[in-house]
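A.B. asks: predicted structure and sequence below. I'll ask about it afterward.
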Amino acid sequence: MPLSSAQLPPFPYFDWPAAVQAGGKNQVVDAEFERGYIAIGQQLRPVEGRINVRSFYHSDAKLSELASLRNYENVITALGGVKLPAADPSSDAFIQANGGERYKIERTFLHLPDIRYNYSAYLIRRPDTNIWVSLGISDSRTLISVIQEKAMSQSVALISADDMARELGAKGRVALYINFDVDKATLRDDGMPVVAEIDKLLRAQPDLKLAIEGHTDNSGNAQHNKDLSRQRAEAVLARLAGGGIDKARLSAAGYGAEKPLADNGSEEGRAKNRRVELVKR
């Protein structure tokens, strides 16, 4: 796809329709760094970066469904956006191709409005980043999602084996943030250093026994989250046992969203709740 050389306005690049007053401006997501999703063909693609998702009612904007679509198509194209292969996230084929959970795909991942909507996605390629834009337009409202790809600014240092030992000694448990593939129990490469520190802790204290507990936020299906949290705890256990730690010293369990550390009403709170805890046995 061609690179865009258009001069970009400030993020999130696209303004509200002029007629929409403050009370009609619904900010769904506005985060410096988060994972968003774009539907392309039959694929639900995760994208990490700066994200803004907003919606408004056509009655507030004094626009028809078609007028809203054409307005945003025009401004996206003017900034060098190229339309991506058509997707229908509401179709049974798309839902099944991406895990089978309709509510999670449509509402949690794509934030799509209402039952009937017209979905389209675009890519603006820049020399230093990619900008992904999607529109979900129903007969009553428009949702626009913008994700500017960027790396996370690291603000939390890696917790060491010594840190874990102190926390376990003082509180009997320690919360860890280990990276897994999206909606899977597969450890990512950047999650391995934390697991390596757990290994170091267990080797330094041969008598220490740990329960490994998985936890999630409350997004999506509760049973799926509980199963996923257990599978992630089991993945950590398997990695430690595969490295030579005696399995008899370890156990794994998953609690899903049953034991939150923070309020799930904010993204900051949900991020704190997506964790693995070590509990001294």
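C.D. replies: It's in. Numbering: from 1, shown residues only.
A.B. asks: quick one: secondary structure of the nearest residue to Ala87 once chain neighbours are set aside?
C.D. replies: Leaving out its chain neighbours, the residue that sits closest to Ala87 by CB to CB, 6 or more residues apart in numbering is Ala39, at 3.7 Å. C-beta: built from backbone N, CA, C; applies to glycine. Under the three-state scheme (DSSP: H, G, I helix; E, B strand; the rest coil), the conformation of Ala39 reads as strand.
A.B. asks: now Ala39: how far from Pro85?
C.D. replies: Computed with CB to CB, to the nearest Å, the distance linking Ala39 and Pro85 is 10 Å.
A.B. asks: so for these two, which residue has more residues nearby?
C.D. replies: When neighbours are counted by other CB atoms under 10 Å, Ala39 comes out ahead of the other of Ala39 and Pro85, with 27 against 10.
A.B. asks: pretty sure the more buried one contacts Ala121?
C.D. replies: Yes - applying CB atoms under 8 Å, one finds Ala39 in contact with Ala121, separated by 6.2 Å.
A.B. asks: shared neighbours, the two?
C.D. replies: Taking CB atoms under 8 Å, 6 or more residues apart in numbering as the criterion, Ala39 and Ala121 both touch Ala87, Ser134.
A.B. asks: now do the contacts for Tyr13.
C.D. replies: Residues near Tyr13 by CB under 8 Å, 6+ apart: Leu79, Ile131, Val146.
A.B. asks: could those go into TSV alongside neighbour count, pLDDT and distance to Arg116?
C.D. replies: Listed next are the contacts of Tyr13 as TSV, based on neighbours: other CB atoms under 10 Å; pLDDT from 0 to 100; distance: CB to CB, whole Å:
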residue	neighbour count	pLDDT	distance to Arg116
Leu79	18	95	28
Ile131	25	96	27
Val146	23	97	23
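A.B. asks: how about CSV for the residues you listed, with secondary structure and distance to Arg50 added?
C.D. replies: As requested, the contacts of Tyr13 are arranged in CSV below (DSSP: H, G, I helix; E, B strand; the rest coil; distance: CB to CB, whole Å):
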residue, secondary structure, distance to Arg50
Leu79, coil, 16
Ile131, strand, 9
Val146, strand, 8
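A.B. asks: ok, so of these, who is nearest Gly49?
C.D. replies: Here the nearest of these to Gly49, counting by CB to CB, is Ile131; it sits at 8.8 Å.
A.B. asks: wait, isn't that closest one in contact with Glu149?
C.D. replies: Yes - applying CB under 8 Å as the test, Ile131 and Glu149 come out as touching, 7.4 Å apart.
A.B. asks: for the protein, what helix or strand is lowest in average pLDDT?
C.D. replies: Scoring the helices and strands of the chain by mean pLDDT, DSSP states H and E places helix 267-273 at the bottom, with a mean of 83.
A.B. asks: any weak-confidence spans in the stretch 51-200 of the chain?
C.D. replies: Flagging of the stretch 51-200 of the chain using pLDDT under 70 yields the residue ranges 114-115, 151-157.
A.B. asks: can you give me the helices for it?
C.D. replies: 58-61, 65-78, 92-97, 102-103, 161-171, 192-204 (DSSP state H, counting those that start in this stretch).
A.B. asks: which parts of the least confident helix or strand of the chain are buried?
C.D. replies: For helix 267-273, a neighbour-count test (16 or more other CB atoms under 10 Å) marks Glu267, Arg270, Lys272, Asn273 as buried.
A.B. asks: got a markdown table for the residues you listed, with distance to Leu228 too?
C.D. replies: Formatted as a markdown table, the entries for the buried residues of helix 267-273 read as follows, by distance: CB to CB, whole Å:
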| residue | distance to Leu228 |
| --- | --- |
| Glu267 | 19 |
| Arg270 | 14 |
| Lys272 | 17 |
| Asn273 | 13 |
